[in-house]
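Asks: Just the structure for this:
(one chain, ligands or ions: 2)
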Amino acid sequence: MTVCEYKPGLEGIPAAQSSISYVDGKQGILEYRGIRIEDLAEKSTFLETSYLLIWGELPTKAELEAFESEIRYHRRIKYRIRDMMKCFPETGHPMDALQASAAALGLFYSRRALDNPAYIRQAVVRLLAKIPTMVAAFQLMRKGNDPVRPRDDLDYAGNFLYMLNEREPDPLAARIFDVCLTLHAEHTMNASTFSARVTASTLTDPYAVVASAVGTLAGPLHGGANEEVITMLEEIGSVENVRPWLDNLPPKSKIMGFGHRVYKVKDPRATILQSLAEQLFEKFGHDKYYDIAVELEKAVEEKLGPKGIYPNVDFYSGLVYRKMAIPTDLFTPVFAIARVAGWLAHWKEQLGENRIFRPTQMYTGDRGAAYIPIDQR
Ligand SMILES: CC(=O)SCCNC(=O)CCNC(=O)[C@H](O)C(C)(C)COP(=O)(O)OP(=O)(O)OC[C@H]1O[C@@H](n2cnc3c(N)ncnc32)[C@H](O)[C@@H]1OP(=O)(O)O
Ligand SMILES: O=C([O-])CC(=O)C(=O)O
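Replies: Ligands and ions are numbered 1, 2, ... in the order given. Here you go, the predicted structure:
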């Protein structure tokens, strides 16, 4: 096979064969293991969906209960991880703290047995269980507080909100947060998943796989856009200012939360997240930034709709998280909590038919250049 055409960003180039998720970008369809995202959002839970993604089938009741209970058991983090996190600068970004903490897990669970299903299961459980605890712990410690111990009587989403906000979670907020996790759990060969698969293909440990994916998710062109969206809405400031703000943007500016490599219509997850935000407003009061967002969506559609630029998953998620008192710089770590499920599903799939990723390049530099001694340069 000769592939000679260079495609920046590998656009349109398949990097793997995968049966985990499917996107139809023209029709705005997303499926996990063949099941529509709308069905999973309404009927499933994040942990059930994680099981589906990782093991390929919906669990039986007994399988789900066993999985949930293992995760509950492993939620606590070691004191030494906590102490390490305490030394992180409180001004640092929580995504950096998460990347370092995820990598640090590998120091404690270093025995690698990639062909042993029990090892795979334990790594899956540990990562899904401990990542939310680490996100919440960093948040409390940077405020000078001690981390809150996870609560065994709360489900996955409720426990995270409890650890973060140090109060009983509201049941509607907890259910909606769980749906958000389901919506963010997986999305074909996006940048962080590609990064996870490249790392996995070297047969390193799963903590390194997740740490490299967290680093990739953090950027503003990927998961980091959810934080940027709120900053942008704050900068716009009012519904009246939406169109002047848009008209005054320098040419070629990227509007955060819009555009997608695959979707050329509104991302189906953005549609669901928008309706989740509206449900929260009914119970907890309106958010003026939502009105700005809706007006911006209209104005961008008029201007850039013909180019296929519509809201992506990052556009409305921050408006949901704000109502749960989640700080803006935790929006991307929250995305990461969910995406751990997808990364692990891809880790497992990669190990199934592994070949190390080692693409080629088109060399554009000099050949046979002379070495010039330093005093002659
Ligand atoms: C979880 C996620 O990762 S979802 C994506 C989150 N990221 C964002 O919201 C950041 C803003 N969006 C973007 O930067 C891009 O749309 C990406 C990174 C998501 C996709 O990038 P690509 O597929 O490489 O598209 P690319 O940057 O080549 O854009 C194609 C065209 O659409 C335009 N375009 C794409 N996104 C936007 C946007 N958000 N605002 C304005 N124009 C845009 C580009 O300027 C370009 O126009 P041109 O052909 O006239 O030069
Ligand atoms: O698919 C992508 O490129 C980005 C995305 O929406 C995601 O990772 O959820």
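Asks: Spell out the residue ranges of the strands in the stretch 1-150 of the chain.
Replies: 21-24, 29-32, 35-36 (DSSP state E, counting those that start in this stretch).
Asks: Out of the ones you listed, which gets nearest to residue 186?
Replies: Distances from residue 186 to each of the strands of the stretch 1-150 of the chain were compared using CB to CB; the shortest belongs to strand 21-24, at 4.8 Å. In short, each C-beta sits where N, CA and C put it, glycine included.
Asks: Packing partners of the closest one?
Replies: For strand 21-24, the elements it packs on are strand 29-32, judged by 3 or more CB pairs under 8 Å, 6 or more residues apart in numbering; DSSP states H and E.
Asks: buried ones in the strand it packs on?
Replies: Within strand 29-32, the residues that qualify as buried by neighbour count (16 or more other CB atoms under 10 Å) are 30-32.
Asks: Redo those as CSV? Include pLDDT and distance to ligand 2.
Replies: What follows is the buried residues of strand 29-32, written out as CSV (pLDDT from 0 to 100; distance: CB to the nearest ligand atom, whole Å):
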residue, pLDDT, distance to ligand 2
30, 98, 9
31, 98, 14
32, 99, 12
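Asks: Any residues of this protein in contact with ligand 2? List them.
Replies: Residues of the chain lying close to ligand 2 by CB under 6 Å from any ligand atom are 187-188, 190, 260-262, 312-313.
Asks: The same query, at a cut-off of 5 Å, please.
Replies: The interface of the chain toward ligand 2, taken as CB under 5 Å from any ligand atom, is made up of 187, 190.
Asks: Can you name the residue of the chain nearest to ligand 1?
Replies: When you check the chain against ligand 1 by CB to the nearest ligand atom, the closest residue turns out to be residue 259, at 2.3 Å.
Asks: Could you count how many residues lie near the residue lying closest to residue 78 once chain neighbours are set aside?
Replies: Using CB to CB, 6 or more residues apart in numbering and skipping residues adjacent in sequence, the residue nearest residue 78 is residue 108, 6.2 Å away. Burial of residue 108, expressed as a neighbour count using other CB atoms under 10 Å, amounts to 12.
Asks: quick one, what contacts residue 108?
Replies: The neighbours of residue 108, taking CB atoms under 8 Å, 6 or more residues apart in numbering as the test, are 78, 80-81.
Asks: what residues does the protein put near ligand 1?
Replies: Those residues of the chain that sit near ligand 1, judged by CB under 5 Å from any ligand atom, are 221-222, 225, 254-255, 257-259, 261, 312, 314.
Asks: now these in JSON lines, with secondary structure?
Replies: Output for the residues of the chain next to ligand 1, formatted as JSON lines (DSSP: H, G, I helix; E, B strand; the rest coil):
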{"residue": "221", "secondary structure": "coil"}
{"residue": "222", "secondary structure": "coil"}
{"residue": "225", "secondary structure": "helix"}
{"residue": "254", "secondary structure": "coil"}
{"residue": "255", "secondary structure": "coil"}
{"residue": "257", "secondary structure": "coil"}
{"residue": "258", "secondary structure": "strand"}
{"residue": "259", "secondary structure": "coil"}
{"residue": "261", "secondary structure": "coil"}
{"residue": "312", "secondary structure": "coil"}
{"residue": "314", "secondary structure": "helix"}
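Asks: Now restrict these to buried residues only.
Replies: Buried members of these, counted by 16+ other CB under 10 Å: 222, 225, 255, 257-259, 261, 312, 314.
Asks: Residue 258 touches residue 311, doesn't it?
Replies: Yes - the pair residue 258 and residue 311 passes the contact test of CB atoms under 8 Å, sitting 6.0 Å apart.
Asks: Identify the contacts common to these two.
Replies: When contacts are counted by CB under 8 Å, 6+ apart, residue 258 and residue 311 are jointly contacted by residue 300.
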